[in-house]
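The sequence isn't on hand, but the structure is:
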């Protein structure tokens, strides 16, 4: 029991001595927006004291990189495999990020002291956009076929009473005959048409005159 308590006290003292000045870890680069499958510019985390000032770690720490994207990858500044170690007496850790899936994700960097096992972590959002976003066109395409002007439909008229037969004489038809050396015009007068109705209404008058002629002369 005494040995266990002694071990705890020693661990606390070591932890205080190592991280006496380092209070937290922050991103000193702004959140990134990258294209799909492209590599980001340099991302940097920094260990700081309680005053927000740069403060070196006093022991070598293991660095753990995680992303909420299953296809996200962390790279070194040269584009190779990123080192998962933060050296003693350093405060900054640089890396790159790339992803194969578009979306908004959270990347987390965690520092774990090898001797003290003290853990400091920090997270930041990163946006991955599609390399070729869809283009939305507002242009309205009109038909190439010209608009044809339709003539108004004729109305069909029904139940129109038939016109009464005309009793007027047809106009005079003029026929012009050309003969060599002369111009002769022959005028034809069209005979008046007799209609059945006129004949039916005129016969009583004719019959009356006929009978009168017979009796008066006799």
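Arrived safely. In this text the structure is predicted, and so the values were computed from the model without any measurement.

Hmm, residue 105 and residue 40 touching each other?
No: if you go by C-beta atoms under 8 Å, residue 40 and residue 105 don't touch, sitting 11.9 Å apart. (Glycine included, C-beta is placed from N, CA and C.)

Spell out which residues are contacts of both of the two.
Common contact partners of residue 40 and residue 105 (C-beta atoms under 8 Å, 6 or more residues apart in numbering): residue 126.

Contacts only, for residue 43.
27, 29, 32, 94, 95, 96, 97, 107, 124.

The protein: helices as residue ranges?
Assignment of helices within the chain using DSSP state H yields the ranges 2-18, 196-217.

Mean pLDDT lowest where, among those?
Looking over the helices of the chain, mean pLDDT reaches its minimum on helix 2-18, with a mean of 56.

sorry, back to before: narrow the contacts of residue 43 to those that are buried.
27, 32, 95, 96, 97, 107, 124 (16 or more other C-beta atoms under 10 Å).

beta partners for the closest residue to the last one other than its chain neighbours?
To tie it back to what came earlier, the one meant is residue 124. The shortest distance from residue 124 to any non-neighbouring residue, by C-beta to C-beta, 6 or more residues apart in numbering, is to residue 27 (4.7 Å). Counting by DSSP bridges, residue 27 is bridged to residue 45.

same thing with residue 86?
In beta-bridge terms (that is, DSSP bridges), residue 86 pairs with residue 61.
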